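**Q** Quick one, what's the 3D model for this:
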Amino acid sequence: MFNSLNSDGLPLYDSDIISAKLYAEAEKEGKQREFSELWRQLNDQISELDSMGIADINSILMQHMYYTRTVNKEIISDTGAINVTTPGLRRYFTEINKEPVCHPIEMCTDMLNLVKVWKKVSEYPLMKVLLKFNENTKLFLASYFYRFDENEVTEEAVCTILESMLRLFALLELVDFGYSSKYFKTFLFGEEVRLADKSIPAEEIKRSFDEHINTNWTKDTIRAAIQDYDSNILVYLNEYLFAKEKGMSFTLGSKYDIEHIMPYSGSNLQEIRRDAGIDSEEIFASIVNKLGNKILLEERINRSIGNEWFRTKVSTKLENKTGYIDSAYPIACELVSTYQNESKPYWTKEDISTATGKASDRIAKFIFDD
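**A** Alright, predicted model coming up:
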């Protein structure tokens with residue numbers, strides 16, 4: 001089948017080429033049936049990850065390449081410098097380092113275990129939040145996950161590293177430097193050697209993240225950046241940290257929206273602005289997308305309430321409609337608890353400013369591990 005596809009000139013993925021090489025090596029060892037069964041299991045498990053948007057076969061192979069290069073110290077130059085240049089997946093396994101492919105059962109078994117660890121870890125609330133950030137986190141986390149058998153990994157065992165990664169990638173949301181800078185990519189390539197080394201405890205790796213963060217950024221500067229933040233990714237982090245702060249449960253469901261407490265559109269907008277003490281469209285535009293005006297909300301609830309008044313959102317059910325009162329998300333629950341019994345609750349520009357300030361303190365404290 002492989003030869004037929006190849007001779008017809010159809011484009012083949014890296015995984016097609018590598019799996020064919022692995023099968024050929026397994027055939028030489030008389031283990032083609034064992035390999036075929038392992039490869040089938042691997043693809044079945046990856047299909048579930050792929051459906052959740054976490055990984056496909058090529059990304060798992062890429063993670064295995066990163067891990068292999070790290071363990072072999074291939075990312076460290078002769079002078080001891082970190083080399084962040086990464087070869088292509090196909091070229092690496094078929095030209096640069098053919099050794100893993102020469103052991104098809106071992107390579108496939110290792111990747112199968114990694115996929116099972118991913119499936120387990122991806123259910124942890126902290127991991128769900130981290131997955132909202134930069135995709136590159138997965139490449140370095142995978143090297144850490146290779147430490148564990150699927151039956152050994154627990155939320156407690158990976159929490160320290162997940163939080164360290166989350167703190168660093170929260171900074172990436174806030175600063176002018178891109179992922180490819182020395183502050184992120186180069187640092188992470190250096191840390192990957194330690195992440196993959198089972199003899200190095202998680203707390204020691206965390207201290208390295210602490211030092212890196214505190215050396216290159218200041219809490220006041222980052223807090224100010226959070227105050228000005230108007231995108232959405234940090235909404236997930238704020239919700240998670242709020243739940244942790246209040247001792248509330250947090251689960252990121254399958255269908256949810258980012259809700260503007262004060263609507264940014266709708267037929268009642270002029271009246272809502274006036275109730276909020278906002279005099280101009282310029283002032284409204286400057287605050288409506290602040291972190292303090294955004295929460296997580298179940299999709300069904302968000303679509304139900306639309307652009308209703310704040311008092312409707314927190315205190316009533318309209319016939320077949322529902323509001324914050326039926327939400328399981330922590331900040332929505334807190335808003336209901338605070339405003340539900342007020343006769344005419346309003347959500348004003350001062351409320352947004354206060355909520356944004358609290359979110360900024362909360363996230364800055366988390367990033368700098370205060």
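
**Q** For the stretch 101-250 of the chain, which segments count as helices?
**A** Using DSSP state H, counting those that start in this stretch, the helices found in the stretch 101-250 of the chain span residues 104-121, 125-130, 137-145, 155-174, 187-196, 202-216, 219-228, 233-246.

**Q** And the pLDDT at the residue nearest to Phe368 when sequence neighbours are not counted?
**A** Spatial nearest neighbour of Phe368, excluding adjacent residues (Cβ to Cβ, 6 or more residues apart in numbering): Lys219 at 4.9 Å. C-betas here are computed from N, CA, C, even on glycine. Model confidence at Lys219, given as pLDDT, is 97.

**Q** Neighbours of Lys219, how many?
**A** Using other Cβ atoms under 10 Å, Lys219 has 15 neighbouring residues.

**Q** Report the contact partners of it.
**A** Ala364, Ile367, Phe368, Asp370 (Cβ atoms under 8 Å, 6 or more residues apart in numbering).

**Q** Could you find the lowest-pLDDT member of these?
**A** Asp370 (84).

**Q** For Ala225, see how far away the residue lying closest to that one once chain neighbours are set aside is.
**A** What sits nearest to Asp370 in space, not counting adjacent residues and going by Cβ to Cβ, 6+ apart, is Lys219, at 7.4 Å. Distance of Lys219 to Ala225, computed by Cβ to Cβ, to the nearest Å: 11 Å.

**Q** what's the answer for Gly292, then?
**A** From Gly292 over to Ala225 (counting by Cβ to Cβ), the distance is 15 Å.

**Q** How about Lys358?
**A** 16 Å.

**Q** out of these two, which sits in the more crowded spot?
**A** Applying other Cβ under 10 Å to Lys358 and Ala225 shows that Ala225 carries more neighbours, namely 18 against 15.

**Q** Who are the contact partners of the residue lying closest to the more buried one once chain neighbours are set aside?
**A** Ranked by Cβ to Cβ, 6+ apart and with sequence neighbours excluded, the top spatial neighbour of Ala225 is Leu174, at 4.3 Å. Listed by Cβ under 8 Å, 6+ apart, the contact set of Leu174 reads Ile222, Ala225, Ile226, Tyr229, Leu234.

**Q** just checking, what packs against the helix or strand hosting Glu350?
**A** Assigned by DSSP states H and E, Glu350 belongs to helix 349-367. Judged by 3 or more Cβ pairs under 8 Å, 6 or more residues apart in numbering; DSSP states H and E, helix 349-367 is in contact with helix 155-174, helix 219-228, helix 233-246, helix 281-287.

**Q** rerun that using 10 Å as the cut-off
**A** helix 155-174, helix 219-228, helix 233-246, helix 281-287, strand 294-298, helix 330-339 (3 or more Cβ pairs under 10 Å, 6 or more residues apart in numbering; DSSP states H and E).

**Q** on that earlier part again, how close does the residue nearest to Ala225 sit to Leu168?
**A** Look at Leu174 and Leu168: by Cβ to Cβ, they are 11 Å apart.

**Q** what sits in contact with each of these two?
**A** Ile367 (Cβ atoms under 10 Å, 6 or more residues apart in numbering).

**Q** returning to what we had before: can you check which residues contact both of Lys219 and Ala225?
**A** Ala364.

**Q** Just want the most central residue of this structure.
**A** Nearest to the mean C-alpha position of the chain, counting by Cα atoms, centre = their mean, stands Leu131 at 1.7 Å.

**Q** which of the contacts of Leu174 tops the neighbour count?
**A** Of the contacts of Leu174, with other Cβ under 10 Å as the count, Ile226 tops at 24 neighbours.

**Q** for that one, what are its contacts?
**A** So Ile226 contacts 170, 173-174, 234, 237-238, 290-291, 356-357, 359-364, 367 (Cβ under 10 Å, 6+ apart).

**Q** In space, what's closest to Leu269 - neighbours in sequence excluded?
**A** Pro263 (6.4 Å).

**Q** quick check, that neighbour in a strand?
**A** No: Pro263 is assigned coil when assessed by DSSP: H, G, I helix; E, B strand; the rest coil, not a strand.

**Q** Leu131 versus that one, what's the distance?
**A** Distance from Pro263 to Leu131, by Cβ to Cβ: 28 Å.

**Q** which outside residues touch stretch 87-100?
**A** 12-18, 20-22, 25, 58-59, 61-62, 64-69, 72, 74, 86, 101, 106-107, 110-111.
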